[in-house]
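Q: let's see this in three dimensions:
(chains A, B and C)
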Amino acid sequence: MSISRRNFLTWIGAAGMGSVIPKAAKAATNKHFKGYEKSQGVLFDSVLCVGCRSCEAACNKVNELPIPDRPFTDKAVLDETRRPTSKAYTVVNKYPNQISKKETLYRKIQCNHCLEPACASVCFVKALKKTKEGPVVYDPSVCVGCRYCMIACPFEIPSYEYDKVFTPRVMKCTMCYPRIIDGKLPGCVEACPTEALTYGKRTDLLFIARERLRKFPHRYVQHIYGENEMGGTNWLHLSGVPFKQIGMREDLGITPAPQFTSGALSGVPIVAGLWPVLLLGIYAMSQRKEKIFKEEKEEALEFALKTANKKAEDKLSAALTEAEKTKEAAVQSAVKKALEEAAGSEPKEDS
Amino acid sequence: MDGAINTLHEFMLHTENITYILVVISLVGITAFWRFLTDRDEE
Amino acid sequence: MADESGAKRSPLLTPFNMIAGIIVLIGLIITAIRFTGGLAAVTNLSDNNPWGIWIGFDLLVGVALAAGGYVTSAAVYLFGMKRYHSAVRPAILTGFLGYALVVIALNYDVGRFWRLPYPFIMQQGTTSLLFEVAACVALYLTVLFLEFSPAALEWLGLKRLRNLIVKLTILLTIFGVILSTLHQSSLGALFLIAPSKLHPLWYSPYLPVYFFVTSIVAGLSMVIFESTLSGRYFGDKMDDVHKEEANHVALGFGKAASLVLAGYFIVKMVGISTANTWHYLNSGYGLWFLVEMLGFVALPCFLYAIGVRDKNVKLIKWTSALTVFGIILNRLNISLIAFNWHLPSSERYFPSLMEIGISVFLVTLGILAFRFIVTHMPIFYEHPDYTDAH
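A: Below is the predicted model of the structure:
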């Protein structure tokens, strides 16, 4: 795919349409990214490493790091398991060989310069950056010191200057970025006496590594650590024993780090877009319900009043009719009585 | 930078920058739209 | 009334004041050490453990427990549950103080605190979930400040400004819910980047959903919990409406919390199932996970339900404390206890006394600020001049 794309770009470029390419390229490449094509890296062959700590010494020197308490010639340091710190960008660890007991195994640890660095992905000020030359570099002038990069790094590489009050920095291997820009080798590679470290274009290094695996199938585990781990790294590793036995995690998977957070990130605009609709909808419904409730209450009140009135009226009119009736009856009976009396008295008087 | 995007991280930076601008615009926009939708309601 | 309460508390040296005073004094001393000696002088943080309790407790727990503000205001102003109106102001106040303390705590934790605005004014690292969290927390603190301000303005007698802000209530509430949804969930999403470090039982692509759902539980439970304590210590500040509604609030919020906890339990099981991490249950961490799920999710869910069915407000109040403890446990599990579980115990983190000291100091500051505000401003009662708006 990349080749055909390159051809396409060349063709478009030749047609003098360079300015419209970026958008087209962006639109076309949202599926798979292969990283910077010409980026550099280092191949570390642990089979060739003798644990001399020359790389540590060179790293300390070229990066002007503080001189350690114990000299780099002190091999007793290797007895403890170490990790890179703010005072040492790289360390060599010793591991027992579980296959042949005689030999000791060594591994050099430093930043692996991921193709898709987790540290850069989580940095909220873009203090960490993947360069097109390969190294992942750090800019202390904007770093807030939240240390999220240290949480994110699957290789546990970045360290922090906790002891500094006003100028603490995140410290990690830069693949000697200033040196390689000048055309020099990284300090550790230059110092390695056994050619356990090889510097070059990542694609070339992969080729060299494959050659070694092919030529010496019994010497190596048939795996290039860093070819695909966490989406691939610019620092590649070969080993004679399973990588787990030289302290390297085999359970990291091949997912590029930014992929882990892309789902959550894409949820943000969806919430921002639909929550107002949901909430305003609920608000409108509750308002409407309240209005209807109020209206119904009023209606009920009115109805109650009305019926009460009507009842009263009916009662009144009933009472009135009753009264009328009684009155009439009383009149009638009075008339009747009077008539009777009149009728009765006359004969009495007559007799 | 020559405009081409080489890494997923760069791609996400590009899209997220736009997304955040979009979010701000849409929040203001929907507030205004809600007023437009409801300002003739009685009461 | 003011005279009365003044007379009641007239000896300044109450046991509470003395303890608070000592904590504040110690806190100020540690603060001085922190800002003159650096992080190394006061914390147990290391290269493998870059986040300690100032993130795990002060930030993650602080934000979760301050969720009462958005939950209550949404219930009352958006869902139309007017019966709970008297719970809004205390909840907003708790939320506002909570977020303010979170921001103060961050100043202790980051290496260069004066650069905290850098993500907005210098370079925007928009691919970071922390950028999202920072933006939302900053905006939501502003929203909470505005939501809280009417109480302060009534106290100060600034009627016109107060009425202007009250008019914005619905808008502020909606923005509060959106911002809360976003950053409560994003706090969980912070850990999505590290599947290799967080124990598989706690790591899940659903982490943002879990954090959002538990923030609702935390908000509901904190309102009940806070009103229980306030009823005990500031009962004399409450008007009759507030006192009468307090039981309604406990019953209503308890019911809601029970239901949400039930849903949370279900989606947690879904997470285990989709990741197929059942076999981890049969391990030490698995046991611990079950303690969290059964003791601090299923149990409070059930106890709330019993409390609601039996109208047992006392049980609901105790359950709210249990639930709040469960939320604290959950956040600490994800950020500290189940994080870096692959490391040997010698390289694990345990907070230093001074780190704990700062956390206690900040909580104490929050309580003192809460006490000052509720004794001076109309939080638990309606200001006689402003009974209109509700």
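Q: buried residues, stretch A:319-329. List them.
A: Neighbour-count burial for stretch A:319-329, counted by 16 or more other C-beta atoms under 10 Å in any protein chain shown, picks out no residue. (C-beta placed from N, C-alpha, C; glycine too.)
Q: just give me how far that stretch sits from the chain centre.
A: 90 Å (C-alpha atoms, centre = their mean, to the nearest Å).
Q: can you list the residues of the stretch 1-150 of chain A near chain C?
A: Proximity of the stretch 1-150 of chain A to chain C, by C-beta under 8 Å from any C-beta of the partner chain, involves residues A:83-86, A:118, A:121-127, A:142-148, A:150.
Q: go with 6 Å
A: A:85, A:118, A:121-126, A:142, A:144-148, A:150 (C-beta under 6 Å from any C-beta of the partner chain).
Q: can you name the residue of the stretch 251-351 of chain A nearest chain C?
A: The minimum distance from the stretch 251-351 of chain A to chain C, using C-beta to the nearest C-beta, falls at residue A:286 (3.1 Å).
Q: separation between that residue and residue C:248?
A: Remark: distance between residue A:286 and residue C:248 (C-beta to C-beta, to the nearest Å) = 17 Å.
Q: residue A:221 now?
A: Applying C-beta to C-beta to residue A:221 and residue C:248 gives a distance of 68 Å.
Q: again, but for residue A:168
A: Counting by C-beta to C-beta - residue A:168 and residue C:248 are separated by 51 Å.
Q: just the element for the residue of the stretch 251-351 of chain A closest to chain C, please.
A: In this structure, residue A:286 sits in helix A:257-350 according to DSSP states H and E.
Q: and that helix, how far out from the chain middle?
A: 61 Å.
Q: what's it packed up against?
A: The elements that helix A:257-350 packs onto, with contact taken as 3 or more C-beta pairs under 6 Å, 6 or more residues apart in numbering or on different chains; DSSP states H and E, are helix A:118-122, helix B:8-38, helix C:169-189.
Q: that helix to helix C:169-189, inter-axis angle?
A: Angle, helix A:257-350 to helix C:169-189, by axes from the mean of the first three to the mean of the last three C-alpha atoms, to 10 degrees: 140 degrees.
Q: report the angle between helix A:257-350 and helix B:8-38.
A: 20 degrees.
Q: one step back: just want to know which of residue A:168 and residue C:248 has more residues nearby.
A: residue A:168 (22 against 15; other C-beta atoms under 10 Å in any protein chain shown).
Q: re earlier: inside helices: which ones of the residues of the stretch 1-150 of chain A next to chain C?
A: A:118, A:121, A:122, A:148, A:150 (DSSP state H).
Q: the nearest residue to the last one once chain neighbours are set aside and residue C:124, how far apart?
A: The reference is to residue A:150. Nearest-residue entry for residue A:150: residue C:50, 3.9 Å, with adjacent residues in sequence omitted and distances by C-beta to C-beta, 6 or more residues apart in numbering or on different chains. Distance, residue C:50 to residue C:124, using C-beta to C-beta: 22 Å.
Q: nearest residue to the residue of the stretch 151-300 of chain C found nearest chain A in space, please, no chain neighbours.
A: Residue nearest to chain A within the stretch 151-300 of chain C: residue C:189 (3.7 Å; C-beta to the nearest C-beta). Spatial nearest neighbour of residue C:189, chain neighbours left out: residue A:264 (3.7 Å); criterion: C-beta to C-beta, 6+ apart.
Q: which residues touch the one you found?
A: C:189, C:192, C:208 (C-beta atoms under 6 Å, 6 or more residues apart in numbering or on different chains).
Q: mind redoing it with 8 Å?
A: Applying C-beta atoms under 8 Å, 6 or more residues apart in numbering or on different chains, one finds that residue A:264 lies in contact with C:129, C:185, C:186, C:189, C:192, C:207, C:208.
Q: could I get the pLDDT score of residue 53?
A: Since you didn't name a chain, this refers to chain A. At residue A:53, the pLDDT value in this model is 93.
Q: not what I meant, chain C
A: 96.
Q: quick check: it vs residue C:358, distance?
A: Distance from residue C:53 to residue C:358, by C-beta to C-beta: 9 Å.
Q: sorry, back to before: my read: the residue of the stretch 251-351 of chain A closest to chain C touches residue C:78, true?
A: Yes - between residue A:286 and residue C:78 there is a contact under C-beta atoms under 8 Å: 6.9 Å.
Q: distance of residue C:100 relative to chain A?
A: 19 Å (C-beta to the nearest C-beta, to the nearest Å).
Q: export whichever strand or helix holds that residue to CSV, keeping only CA atoms.
A: Residue C:100 is part of helix C:88-109 when elements are defined by DSSP H and E. Extracted in CSV, the C-alpha atoms of helix C:88-109 (Å, rounded to 0.1, in the frame of the first residue of the first chain):
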residue,chain,number,x,y,z
VAL,C,88,-29.0,21.5,46.1
ARG,C,89,-27.0,24.2,47.9
PRO,C,90,-25.1,21.9,50.4
ALA,C,91,-24.3,19.6,47.4
ILE,C,92,-23.1,22.4,45.3
LEU,C,93,-21.0,23.7,48.1
THR,C,94,-19.5,20.3,48.8
GLY,C,95,-18.7,20.0,45.1
PHE,C,96,-17.2,23.4,44.8
LEU,C,97,-14.9,22.9,47.8
GLY,C,98,-14.0,19.4,46.6
TYR,C,99,-12.9,20.6,43.2
ALA,C,100,-11.1,23.6,44.7
LEU,C,101,-9.1,21.2,46.9
VAL,C,102,-8.4,19.0,43.9
VAL,C,103,-6.8,21.9,42.1
ILE,C,104,-4.8,22.8,45.3
ALA,C,105,-3.6,19.2,45.6
LEU,C,106,-2.4,19.2,42.0
ASN,C,107,-0.2,22.1,42.8
TYR,C,108,1.6,19.9,45.3
ASP,C,109,1.8,16.9,43.0
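Q: same question for the next helix or strand after that helix: list its buried residues.
A: Using DSSP H and E, the helix or strand that follows helix C:88-109 in sequence is helix C:118-121. Within helix C:118-121, the residues that count as buried by 16+ other C-beta under 10 Å are C:118, C:119.
Q: buried sites along whichever helix or strand comes after helix C:118-121?
A: Next in sequence after helix C:118-121, counting helices and strands by DSSP H and E, comes helix C:129-156. Applying a neighbour-count criterion of 16+ other C-beta under 10 Å, one finds C:129-141, C:143-144, C:146-154 buried in helix C:129-156.
Q: most surrounded residue in the contacts of residue A:264?
A: Neighbour-wise, these (other C-beta under 10 Å) top out at residue C:186, 30 neighbours.
Q: what sits against it?
A: Residue C:186 neighbours (C-beta under 8 Å, 6+ apart): A:264, A:268, C:129, C:132, C:133, C:136, C:208, C:211.
Q: for residue C:109, state which of those residues is nearest.
A: Distance to residue C:109 across the contacts of residue C:186 (C-beta to C-beta) is lowest for residue C:133, with 13.4 Å.
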